[in-house]
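Enquirer: Sequence first, predicted model second:
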Amino acid sequence: MIAAAGETTAANTGEGQFARYASGLWPSFAEELEGASAATVSYIRNGAVFVVGPGDAFTVGEGVSKISADAARTIEPMLTGEYDEIFWAPDEAQVDNRALGPALTRALVRAGGRILRESAIMVETKNGRATGVRTGAERVNADAVVMAAGAWCSHIGGVPEELRAVRPIKGEMIALAGVGGPLTRVVRSADCYLVPRGARIFVGATVQDAGFDTSLTPIAARQLQRSAVALVPALAEWSVVEHWTGFRPRTPDDLPVLGPTSVEGLFAATGQFRNGILFAPALAEVVSRAVLDRQPVPIEFSSHRFATGVDVCA
Ligand SMILES: Cc1cc2nc3c(=O)[nH]c(=O)nc-3n(C[C@H](O)[C@H](O)[C@H](O)COP(=O)(O)OP(=O)(O)OC[C@H]3O[C@@H](n4cnc5c(N)ncnc54)[C@H](O)[C@@H]3O)c2cc1C
C-alpha cells in the first residue's frame, strides 16, 4: 500500500507531511522506474476504503471523506457486509511490492551500477571516517556508505549506536484465492487490510515484537482470515494459498533515521517501520541529497537523536 492517509493520520506532523510528499512522488517515480528497468511495477492510484467500527480509533485525514454503504458498494462491489461507518480515501495507491526489488535492481545495473550478492559484515573506518564495507569475500572501498539493511542494520560490525537503535517488528501476512471478486481497491478495518493482487487478495498484517522469529503461526493466519471475512463476507469461501512473514525496521520513536551518522561518511536510510514502500521515493531523494550535496535531512529524522554526545543542531 502507498497509504499516506491510512498509515499516517497525523497529517500536520513531519511524518504526515513526508508521507504525503512521498505519495505525490510515486506516479513519476513508478514511471521513471519502469522506463529505466523495462519492467512493470503495477503502480495504481485508485483509492482505499476504510471501514470503521464503534470502538475504533480513527482520525479522518486530509482528503478522506465519509461515504454511504451504497456508495462503498459502487466503489467496491465486494463490500456487501453491514458496516458502522465507511470512509473513502481516493488518493491512496498500491504497487506490486514483489516487482519493485527486481525492477530497482535492473534499473541500477542498466545505469552502470554493480550488485554484489554478499552480506556486508563490517563497515570499515579509517581515522573515524567510513572508507568502505567488508563482505565475506572482499573489501569494497567507498567515498560514502549508505546503511539500508532494514531491520538488520545492528548486525553489521562498526555501525554506531544510532543504527543499533533499529529493531525488527515481525509481520505475518496471508494470500487468499477463491471465486468471485476481484477486489480492486485497498480495503481496511482496524483489524486488517486487504490488498488486491491479481485474482488474489493479500491480507495483512500482524505486528509482533518477536525479534527475528521467522515462524509462521497458524493462529495469525486464522486471525487474519477471520478479520478478512468480517470485512468482506464472500471471503468465507476463499482459501489461504500463501502465508509469509517479514520484518519492519522500527526505531524507538517509530520515525525513520536518515542522513549523516556520527561516523563521517556513513549515512542512514532505515527505520521506515510500516511505511518503507510509501516513503521510498522521498527517502531516496533526502538521502541522496544528504550524501551528494550535504543537504540537511528533516530534523525529526536525523540519526543524531539516537546518538549520545552529538549536538542535534550540528
Ligand atoms: C507484513 C508487512 C507488510 C508491510 N506493508 C507495507 C505497506 O503496505 N506499505 C509500506 O509502505 N510498507 C509496508 N511494510 C514496511 C516495509 O516493508 C518496510 O518499511 C521496508 O521494507 C523497509 O525497507 P528497507 O529497504 O529499509 O528494508 P528491507 O526491505 O528489510 O530491506 C533490507 C535489505 O537489506 C538486506 N540486508 C540485511 N543485512 C544485510 C547485510 N549484512 N549485507 C547486505 N544486505 C543486507 C536484506 O536482505 C534486505 O534485502 C510492510 C512490512 C511488513 C513486514
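Expert: Here it is on my side, so go on. The model shown is predicted, which means the values in this text are computed figures rather than measured ones. Numbering: from 1, shown residues only.
Enquirer: quick one: pLDDT of Ala11?
Expert: At Ala11, the model reports a pLDDT of 64.
Enquirer: same thing with Ala151?
Expert: So, for Ala151, pLDDT stands at 98.
Enquirer: Contact partners for it?
Expert: Val166, Arg167, Pro168, Ile169, Phe212, Phe247, Arg248, Pro249, Arg250 (CB atoms under 8 Å, 6 or more residues apart in numbering). Just so you know, the C-beta spots here come from the backbone N, C-alpha and C atoms, and that holds for glycine as well.
Enquirer: Could you count how many residues lie near the second one?
Expert: Other residues near Arg167 number 19, with proximity taken as other CB atoms under 10 Å.
Enquirer: Show the contacting residues for Ala4.
Expert: Gly16, Ala19, Arg20, Ala22, Ser23, Gly61, Asp91, Glu92, Leu278.
Enquirer: Next one: the third one from Gly35, what distance?
Expert: So the one you mean is Arg20. Distance, Arg20 to Gly35, by CB to CB, to the nearest Å: 25 Å.
Enquirer: repeat for the last one
Expert: Counting by CB to CB, the gap from Leu278 to Gly35 is 21 Å.
Enquirer: How many neighbouring residues does Thr251 have?
Expert: 22.
Enquirer: re the thing from before, Arg20 and Gly35: which has the busier surroundings?
Expert: Set Arg20 next to Gly35 and count neighbours by other CB under 10 Å: Arg20 wins out with 20 against 10.
Enquirer: Give the next helix or strand downstream of the helix or strand containing that one.
Expert: Counting by DSSP states H and E, the element that carries Arg20 is helix 14-37. The helix or strand immediately downstream of helix 14-37 is strand 48-52, counting by DSSP H and E.
Enquirer: Give me the residues contacting the helix holding Arg20.
Expert: By CB under 8 Å, 6+ apart, helix 14-37 touches 2, 4, 7-11, 39-41, 43, 45, 61-62, 91, 93, 95, 100, 102-104, 106-107, 110-111, 255, 275, 278-283, 285, 298, 300-301.
Enquirer: pLDDT of stretch 115-131, averaged?
Expert: The model assigns stretch 115-131 a mean pLDDT of 96.
Enquirer: Just the terminal-to-terminal distance for that stretch.
Expert: 18 Å (CA to CA, to the nearest Å).
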